[in-house]
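In: The following block contains a protein sequence and its predicted model.
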Amino acid sequence: MRDVKPQIREIEMEIKAYHYTPGPLGLRWLEGIKKGIIMAAKCRKCGNIFIPPKIYCPKCFSEVEDLVELREKPYLASYTIIYRDFNGERLSTPVIVGLVRFKGVDGGLIHYIEGPVEKLAIGASLEPVFRSERRGSITDIEHFRLV
Amino acid sequence: MPKIALVGMGYTGFTRSSEHLSFREMVYQAAVKAYNDAGGIDPRRDVDAFISCQEDFWEGVSISDEFAPDQLGGVLKPVYTVTGDGLHCVANAYMMIRSGVADIVVVESHGKPSEIISMSDIVWFSTDPIYVRPLKLPNPHALQALEARVYMRSRGLRREDLGLYVIQSLGNALLSDRAPYAAKLDLDGYLEAEYVVDPLTAYDIARYSDAAIVAVVASEEIARKLTDQPVWIDGVGWATEISTISMRSMEEDVATKLAARMAYDQANVKDPRREFDFAEVDERYSYKAIQAIEALGLARIDTVASDLRDGSFSRSGSLPVNPSGGALGEGVPLEAHGLARLLSAYEQLRGRAGRAQLSDAEKAVVHGWRGLGTSSSIVLVLSR
Ligand SMILES: [Zn+2]
């Protein structure tokens, strides 16, 4: 009887229809990204500087109000090359994904990495490449380039 | 203080798919077996409370916990759902009994991933909607690969070392009746595999399977009435690191370390390497199992790689890990995976592990993790 398929096999759900609130610091952070600036949250109480920004300090639980601009170049804290998708299908072009961190900053950003493969290494220096048309999203950064 | 015991377990599935039964019917079958195993208890009469570990998105039903009672025999009784690994249910049962609100509690977890058509989307839907999800990475396993690279680098683990772990675990799984992906593999075969998300190949990433598992947890007094072979829960601990992936340490499994400390304190475990006869750990990824072995205190940071190469964690080693296989051979039945580890430990401690039985099995540590992208771990100490 195994070939008797259940009658209701698949129902599409509108699971992706949500609004997500980035919060006051997140909004300012995304506005910074729109201007081509990467900032980090800074806790007045314990001095913790961190991204992604939140209004609560993950270290000391204080309320956080400030963002500071990160002027130094970030570095590659880890990376992977994706060759196949979740279902095992080979990608036409493998993509590099990295954990992008900034010196002295807790956390970081997960993002696409591009550039010469011989420079692909933990600790490699990076610079953000912004899209010309930006709308205040993490994807306003097209990728981080190995330099 | 009175002790708390596992007195019965039952399962169904561990197949790649199970189309003929709904997941609730699978739970029913597992429950019937668990109640028989627990000396033939009647859930309508004998059980004080029921706990289910499940997630709405896996079920495809919102507020799916409302559907939990019927298939367990829990209608008109205290029932609640924990969104966590199945072992989190056991921790809750332990607390209910310890606090005196119940003497006998049933826990269940199940997973039927073969029904989930948009698995990749649902997994990706669990990531941060503002800072991660818009990136639409083609494979969410990449998030774990980032951690794998940092961990392997910090411990001097090479690709061959992951291969050793995989070969051992898939081989152990050949001794199990619950392992559809068990295989005899050699190092050449492992190294031939292409990367899926470098440094992980398809061998390093556990696949899915369908299963339902039910356990009966009881106070010492009830346990001694129901069975001659109670399996004592000597300690439970759990912890979560931090939700933001980029803020995690990656060099070590902090959550498992903290969870182990909590459980070991209760169970008075001082020297985990010597005191346990075997360990059951989450191995949704090969590297993650090695990281867990270390975080559980079963290997030192500086020797975990050499211990692995020496075969310390093989069936004949000083501390067998997943002696009847783990997620790589069994597949991952979603939230039920932790209960699968518990089931293997339970069988070993009762001397009922069949071909996988170890000669020495008196005390074990059982570990669970919530899987891709999560940092929640849970640890149980068991003895017979
Ligand atoms: Zn702070």
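Out: Structure received. Numbers count the residues shown, from 1 in each chain, chains lettered A, B, ... in the order given.

In: CA only for contacts and neighbour counts going forward, please
Out: Will do.

In: phi, psi of residue B:277?
Out: The phi/psi pair for residue B:277 (degrees, to the nearest 10) reads phi -90, psi -30.

In: And whichever residue of chain B sits closest to the ion, how far from residue B:335?
Out: As assessed by C-alpha to the ion, the ion sits closest to residue B:247 within chain B, at 14.1 Å. Residue B:247 sits 25 Å away from residue B:335, going by C-alpha to C-alpha, to the nearest Å.

In: which residues does whatever residue of the stretch 251-384 of chain B ends up closest to chain A contact?
Out: At 11.1 Å from chain A, residue B:251 is the closest residue in the stretch 251-384 of chain B, using C-alpha to the nearest C-alpha. Applying C-alpha atoms under 8 Å, 6 or more residues apart in numbering or on different chains to residue B:251 gives the contacts B:147, B:150-151, B:154.

In: and residue B:247 and residue B:335? which has more neighbours close in?
Out: Shown here are residue B:247 and residue B:335; by other C-alpha atoms under 10 Å in any protein chain shown, residue B:335 has more neighbours (30 against 19).

In: In terms of pLDDT, where does that one sit?
Out: Note on residue B:335: pLDDT of 94.

In: re earlier: closest to chain A out of the contacts of residue B:251?
Out: Nearest to chain A among the contacts of residue B:251, with distances taken as C-alpha to the nearest C-alpha, is residue B:150, at 6.3 Å.

In: what's the helix or strand for the closest one?
Out: Element membership for residue B:150, per DSSP states H and E: helix B:142-155.

In: just checking, what packs against the helix or strand just after that helix?
Out: Using DSSP H and E, the helix or strand that follows helix B:142-155 towards the C-terminus is helix B:159-173. Under the contact definition 3 or more C-alpha pairs under 8 Å, 6 or more residues apart in numbering or on different chains; DSSP states H and E, helix B:159-173 sits against helix B:187-192, helix B:286-295, helix B:304-309, helix B:327-330.

In: neighbouring contacts of helix B:159-173?
Out: Helix B:159-173 is contacted by residues B:179, B:181-187, B:190-191, B:199, B:203-204, B:286-287, B:305, B:308-309, B:314-315, B:322-326, B:328-330, B:356 when judged by C-alpha under 8 Å, 6+ apart.

In: Poorly predicted segments of chain A, please.
Out: Within chain A, the stretches with pLDDT under 70 are A:1-16.

In: just the helices in it please.
Out: Remark: helices assigned in chain A by DSSP state H are A:23-35.

In: what does it put close to the ion?
Out: Residues of chain A lying close to the ion (C-alpha under 5 Å from the ion) are A:43, A:46, A:57, A:60.

In: so what's the first one up against?
Out: For residue A:43, the residues meeting the contact criterion (C-alpha under 8 Å, 6+ apart) are A:49, A:57, A:62-66.

In: show me where the stretch 151-300 of chain B has strands.
Out: For the stretch 151-300 of chain B, the strands defined by DSSP state E, counting those that start in this stretch occupy B:195-197, B:200-201, B:210-219, B:231-240, B:278-280.

In: Tell me the gap between the second one and the middle of its chain.
Out: Spelled out, that is strand B:200-201. Chain-centre distance of strand B:200-201: 21 Å, with C-alpha atoms, centre = their mean, to the nearest Å.

In: Spell out whether it and chain A are in contact.
Out: No: using C-alpha under 8 Å from any C-alpha of the partner chain, we find that strand B:200-201 stays clear of chain A, coming within 9.0 Å at best.

In: Do me a favour and average the pLDDT over that strand.
Out: So the average pLDDT for strand B:200-201 ends up being 98.

In: How about the last one?
Out: Taken as a whole, strand B:278-280 carries a mean pLDDT of 98.

In: Give me the contacts around that strand.
Out: B:319-323, B:326, B:341-342, B:344-345, B:361, B:363-367.

In: Name the nearest of those relative to residue A:107.
Out: Comparing those against residue A:107 with C-alpha to C-alpha places residue B:367 closest, at 26.8 Å.

In: quick one: which of the residues of chain A next to the ion has the most company?
Out: Within these, residue A:43 tops the neighbour count with 24 neighbours, counted by other C-alpha under 10 Å.

In: measure it to residue B:108 for me?
Out: Plainly put, residue A:43 is 43 Å away from residue B:108 if you go by C-alpha to C-alpha.

In: Alongside chain B, which residues does chain A contribute?
Out: A:2, A:10, A:20, A:22, A:52, A:77-88, A:97-99, A:106-111, A:137-139.

In: So, low pLDDT: which residues of the stretch 101-250 of chain B?
Out: Of all residues in the stretch 101-250 of chain B, none has pLDDT under 70.

In: Pull the number of nearby residues for residue 120.
Out: Since no chain was named, I'll use chain A. Look at residue A:120: counted by other C-alpha under 10 Å, it has 20 neighbours.

In: Sorry, I should have been clearer: chain B.
Out: Number of residues near residue B:120 (other C-alpha under 10 Å) recorded here: 16.

In: How about residue B:109?
Out: Residue B:109 has 33 nearby residues by other C-alpha under 10 Å.

In: does it really touch residue B:342, like I thought?
Out: No: applying C-alpha atoms under 8 Å, one finds residue B:109 not in contact with residue B:342, separated by 11.8 Å.

In: Identify the residue of chain B closest to chain A, quick one.
Out: In chain B, the residue that lies nearest chain A is residue B:247 (3.9 Å; C-alpha to the nearest C-alpha).

In: Identify the single longest strand in the chain, thanks.
Out: You didn't pick a chain, so chain A it is. strand A:90-101 (DSSP state E).

In: Oops, wrong one, chain B.
Out: Per DSSP E, chain B has its longest strand at strand B:4-15.

In: CA atoms only for the next helix or strand after that one, dumped as CSV, please.
Out: Beyond strand B:4-15 on the C-terminal side, the first helix or strand identified by DSSP H and E is helix B:23-37. C-alpha atoms of helix B:23-37 as CSV (Å, rounded to 0.1, in the frame of the first residue of the first chain):
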residue,chain,number,x,y,z
PHE,B,23,3.9,11.6,12.9
ARG,B,24,1.3,11.4,15.6
GLU,B,25,0.6,7.8,14.8
MET,B,26,4.4,7.2,15.0
VAL,B,27,4.3,8.8,18.5
TYR,B,28,1.4,6.5,19.4
GLN,B,29,3.4,3.4,18.4
ALA,B,30,6.5,4.5,20.3
ALA,B,31,4.3,5.3,23.4
VAL,B,32,2.7,1.8,23.4
LYS,B,33,6.2,0.3,23.4
ALA,B,34,7.5,2.6,26.1
TYR,B,35,4.6,1.8,28.4
ASN,B,36,5.1,-1.9,27.9
ASP,B,37,8.8,-1.5,28.6
